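K.L.:
Okay, here's the prediction I keep looking at, along with the sequence it came from:
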Amino acid sequence: MARRIPRLKKRAFVLFAVIIVIIATIAGFALHILPPVQNLGHYIEPKAAAASPPLMEKAAASLAQLMSPPLIADFANAPDSDYSPLTIRFLDLSRGTPSHWQWDFGDGMSSADQHPVHTYRQPGVYNATLTVTRNDGSRRVAGRDDVLDALSPAGEVVRLDTLHQGFVKKGSFVTFLSAGAGSFCAVDGAQRPLPAGSVAKLRVNTDDTGTMTVRQGNLLRFGFTDATLFVNGTQVAQGASGDCSLPSLRYFHADLTYSVTPAEGAIRQLVAGGTAIRAGADNSRILIRQDSADHNADLTLVTSPAFFEGLATNFTLSPAISANFDISAAEGEAPLNVTFSDRSSGSPESWAWDFGDGAHSSDQNPEHRYVSPGSYMVSLTVARGDQTDMKKFPNAIVALPARLRADFNASPLTGPLPLKVSFTDLSAGSPTQWSWGLFTNDTYFTGNGQMAVLHERNPVYTFTEPGTYSVWLAVGSIYGTSEVTKPRFITVTDPYRFPDTGLLIETGKKGVITKGSSVRFTVGDTPAMISVNGGYRDLPKGSLVLIEALRDQEGEIYMDKGQLLKFSFPDMAVFINGEMIGGGSIDSIFVPHPADFRTALTYYFPPESAYTRVVMNNYDVLGDLESAWIRVQNLGMDQNGNLRLTSSDNRTYLSGAANRTVHDWIVE
């Protein structure tokens, strides 16, 4: 037994190892891991699946073979100085150990070389593509447009010297062929050798500050905090880059975007092609696009303070984006309405406001209401193209607790019994509680007698006793209370004892003007006219006009400031200077200057069920009665010369004056 125990342990160990291998294999096939997207934006496709061997054979193969790195197609193109300007050397920069290369030069020609040299027959725009494959079946494609730079502007020598800070955009790179021995570049703290004949690429991985120097075809420095070095398509190192030594450099290509952002200081010098473009302009943004294949051109790039000297294909000098804004009210009681005015410079194209209370806006000059008391930070972010800037104002808005100020109004303030009064709360400070007190004048000052107490915000109360009433209102919220008293505010009189020079009647009943009703006036001035049954007739100046109803009928009268503009009834007799000129429908009338206007108009509507409102001199005399029998006699103009009567579609509207009104109530 003692001799068999080690065997059992050994067998158990082997079985355990096999199980681990199987689990690892299944997990490896189940997971699909994508590498990070590179600067060219190519995505990694899964490897082509082979025929499925038995599970144990897969496990054995996975132990014997390392996983392949991701395949990425990439290349650079540069004019070959040994040939004509139409000759381009294509340098493969693909990664992931490709085994086959297929080039399409865009002119119908192709090549299977890794680093081909191709001569185009004539100038033009040619788009080249590279397809790389690997022995495991993986396949990737990369493309370059306009490899002859036919559409690119001609390069200019640009020199910039400023106190502003600049930066190199993420993805900027240089490529070249190391033609001599002993070449290196320092990356991640070590000198990385660049063997003769190797194709190298140095790429900036983030928007970064740094330096770059090229002198007579020798790359002396590529100093940035986060860079990656590729040699023959393989990533050699990543990290801080620095000094380089390349005694023999060929096919140099720099693809750089260098941006100088506005800050303290001013541009001391900006020269392009020997001409000063703009010297001494501060608060400006400079963008230099350096895309040069001339490896003999010197290039110096420093980001802090900004300095650039070299050949650039294009450059821009534009007003910088600088966020700023004004506010209409920095402090006040909540709710506080604030208007924000954009004062940003540099012609921004978009605005993003953060008001500090959870609300946002994309308007240029927004308005915002701060409801709750508090202190709020406001920020504005503006953008134009790829430029952005943000301005923050801590404690920009201080919304104070609203100070309560009790106030109110009511309507009507006077009238006969029963008087229904609507009270309107006008208090400031957003109260949440209301208490109303209604006193007769005597009880308020003596503290005796009854007091009506209401708790609605806008109550309606009907006074049933005559007298003069004082009104008290107290309002409250979580921030305090406030009260106000208006003595002798409401006057309630006995009913029906008031002059009857002003009259308003509104009802759903259809009324009529009675037979024999008439109006009489003298034409004070011309032009004046009347139309009876479609026939127009001028009314001479000074003529006496009488219009009389031949039967009870519906119709409309409209007088405005003494002018007779409408007297529309279907069956009327018209007399001029005592002579009847016609009878029938009065279609239209226009008498702008009637003189000695007299009426004998009687208008009534029967006691049918309909809501009716009768107001005389702003007093509601009819109240809520719906079935009153109403007759208005001697209807005429009010003191402003206005009279309006409408009787149609089961409704009546009448405003003007009356000498006497008779209905269920006796109105004197």
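P.N.:
That came in fine, so what should we check first?
K.L.:
where does the stretch 451-600 of the chain have low pLDDT?
P.N.:
Applying pLDDT under 70 to the stretch 451-600 of the chain flags the ranges 451, 494-501.
K.L.:
quick one, helices of the stretch 351-500 of the chain?
P.N.:
With helices called from DSSP state H, counting those that start in this stretch, the stretch 351-500 of the chain shows them at 441-446.
K.L.:
same question, the chain
P.N.:
Along the chain, counting by DSSP state H, helices occupy 4-30, 55-64, 441-446.
K.L.:
List the contacts of N409.
P.N.:
Taking CB atoms under 8 Å, 6 or more residues apart in numbering as the criterion, N409 is in contact with 423-424, 426. C-beta coordinates here come from the backbone N, C-alpha and C atoms, glycine included.
K.L.:
By neighbour count, which of the residues you listed wins?
P.N.:
Greatest neighbour count in these, by other CB atoms under 10 Å, goes to F423: 23 neighbours.
K.L.:
from what I can see that residue touches S435, true?
P.N.:
No - F423 is beyond contact range of S435, at 12.0 Å (criterion: CB atoms under 8 Å).
K.L.:
Could you pull out the residues contacting both of the two?
P.N.:
L454.
K.L.:
can I get the contacts of N409 in TSV with distance to F173 and pLDDT?
P.N.:
Compiled in TSV, these are given as follows (distance: CB to CB, whole Å; pLDDT from 0 to 100):
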residue	distance to F173	pLDDT
F423	78	96
T424	73	96
L426	70	95
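K.L.:
Specify which member of those is nearest to V398.
P.N.:
Closest approach to V398 among those (CB to CB): L426, at 25.7 Å.
K.L.:
Check the gap between the closest one and R369 for me.
P.N.:
As defined by CB to CB, to the nearest Å, L426 lies at a distance of 20 Å from R369.
K.L.:
that older thread, just the ones in strands from the contacts of N409, please.
P.N.:
Counted as lying in strands by DSSP state E, out of the contacts of N409, are 423-424.
K.L.:
Can you add distance to P195 and give the contacts of N409 back as a markdown table?
P.N.:
Formatted as a markdown table, the contacts of N409 follow (distance: CB to CB, whole Å):
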| residue | distance to P195 |
| --- | --- |
| F423 | 96 |
| T424 | 92 |
| L426 | 89 |
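K.L.:
For G534, state which of the contacts of N409 is nearest.
P.N.:
Minimum distance to G534 across the contacts of N409 is 51.1 Å, recorded for T424 (CB to CB).
K.L.:
Test of understanding: give the bridge partners of that closest one.
P.N.:
Legend: beta-bridge partners of T424 under DSSP bridges are N409.
K.L.:
OK, contacts around it?
P.N.:
So T424 contacts 408-411, 458 (CB under 8 Å, 6+ apart).
K.L.:
Can you turn the buried part of these into a PyMOL selection?
P.N.:
This is the PyMOL syntax for the buried subset of those, where burial follows 16 or more other CB atoms under 10 Å:
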select buried, resi 408+410
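K.L.:
And the contacts of T424, which is closest to V117?
P.N.:
Of all the contacts of T424, V117 sits closest to N458, with 90.5 Å by CB to CB.
K.L.:
How much space separates that closest one from A410?
P.N.:
10 Å.
K.L.:
Give the residues shared as contacts by those two.
P.N.:
Common neighbours of N458 and A410, counting by CB under 8 Å, 6+ apart, are 422-424.
K.L.:
Among these, which one lies nearest to I581?
P.N.:
S422 (51.2 Å).
K.L.:
Skip the chain neighbours and tell me the closest residue to the closest one.
P.N.:
Excluding the flanking residues, the one nearest S422 by CB to CB, 6 or more residues apart in numbering is V460, at 5.0 Å.
K.L.:
show me the contacts for that neighbour.
P.N.:
Counting by CB under 8 Å, 6+ apart, V460 has contacts 420-423.
K.L.:
Among the residues you listed, name the buried ones.
P.N.:
421, 423.
K.L.:
Go through the contacts of V460 and name the one nearest R403.
P.N.:
Using CB to CB, the shortest approach to R403 within the contacts of V460 belongs to F423, at 22.1 Å.
K.L.:
How much space separates that closest one from L160?
P.N.:
As for F423, its distance to L160 is 74 Å (criterion: CB to CB).
K.L.:
neighbours around F355, how many?
P.N.:
F355 has 20 neighbours, counted by other CB under 10 Å.
K.L.:
From S344, how far off is it?
P.N.:
17 Å.
K.L.:
cool, D649 as well?
P.N.:
59 Å.
K.L.:
go on, F105?
P.N.:
Distance of F105 to S344, given as CB to CB: 48 Å.
K.L.:
re earlier: now tabulate the shared contacts of N458 and A410 in CSV and tack on distance to E333.
P.N.:
Listed next are the shared contacts of N458 and A410 as CSV, based on distance: CB to CB, whole Å:
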residue, distance to E333
S422, 28
F423, 24
T424, 21
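K.L.:
Closest one of these to S543?
P.N.:
S422 (49.6 Å).
K.L.:
So A323 versus D80, what's the distance?
P.N.:
For A323, the distance to D80 equals 49 Å [CB to CB].
K.L.:
Those two - which one has more neighbours?
P.N.:
For A323 versus D80, neighbours defined as other CB under 10 Å are more numerous around A323 (22 against 18).
K.L.:
Straight-line length of stretch 550-557, end to end?
P.N.:
Stretch 550-557 has an end-to-end distance of 16 Å (CA to CA, to the nearest Å).
K.L.:
So if I had to pick from D649 and S344, which one is more boxed in?
P.N.:
S344 (20 against 9).
K.L.:
OK, contacts around L130?
P.N.:
By CB under 8 Å, 6+ apart, the contact list for L130 reads 73-75, 90, 92, 94, 101-104, 141-143.
K.L.:
so how far is stretch 319-339 off the chain centroid?
P.N.:
Relative to the chain's own centre, stretch 319-339 is displaced by 17 Å; criterion: CA atoms, centre = their mean, to the nearest Å.
K.L.:
CA atoms only: put that stretch into PDB for me.
P.N.:
These are the backbone C-alpha positions of stretch 319-339, laid out as PDB (Å, rounded to 0.1, in the frame of the first residue of the first chain):
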ATOM      1  CA  PRO A 319      -9.500  84.100 -33.500                       C
ATOM      2  CA  ALA A 320      -9.400  81.800 -30.500                       C
ATOM      3  CA  ILE A 321     -12.400  80.500 -28.800                       C
ATOM      4  CA  SER A 322     -12.700  82.200 -25.400                       C
ATOM      5  CA  ALA A 323     -15.800  81.600 -23.300                       C
ATOM      6  CA  ASN A 324     -17.300  84.500 -21.400                       C
ATOM      7  CA  PHE A 325     -20.800  85.700 -20.400                       C
ATOM      8  CA  ASP A 326     -22.800  88.300 -18.500                       C
ATOM      9  CA  ILE A 327     -25.800  87.700 -16.300                       C
ATOM     10  CA  SER A 328     -28.800  90.000 -15.800                       C
ATOM     11  CA  ALA A 329     -29.200  89.400 -12.100                       C
ATOM     12  CA  ALA A 330     -26.600  87.800  -9.900                       C
ATOM     13  CA  GLU A 331     -28.700  88.000  -6.700                       C
ATOM     14  CA  GLY A 332     -32.300  88.200  -5.900                       C
ATOM     15  CA  GLU A 333     -35.300  86.500  -4.400                       C
ATOM     16  CA  ALA A 334     -36.400  83.100  -5.600                       C
ATOM     17  CA  PRO A 335     -38.000  82.500  -8.000                       C
ATOM     18  CA  LEU A 336     -35.300  84.400  -9.800                       C
ATOM     19  CA  ASN A 337     -35.400  84.900 -13.600                       C
ATOM     20  CA  VAL A 338     -32.000  85.300 -15.100                       C
ATOM     21  CA  THR A 339     -31.000  86.200 -18.600                       C
END
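K.L.:
Give me the mean pLDDT for it.
P.N.:
The average pLDDT within stretch 319-339 is 87.
K.L.:
picking up where we left off before, pipe the contacts of V460 into a markdown table and attach distance to T131 per row.
P.N.:
A markdown table is the format used below for the contacts of V460 (distance: CB to CB, whole Å):
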| residue | distance to T131 |
| --- | --- |
| K420 | 91 |
| V421 | 90 |
| S422 | 85 |
| F423 | 85 |
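K.L.:
So which of the contacts of V460 is the closest to T225?
P.N.:
F423 (72.6 Å).
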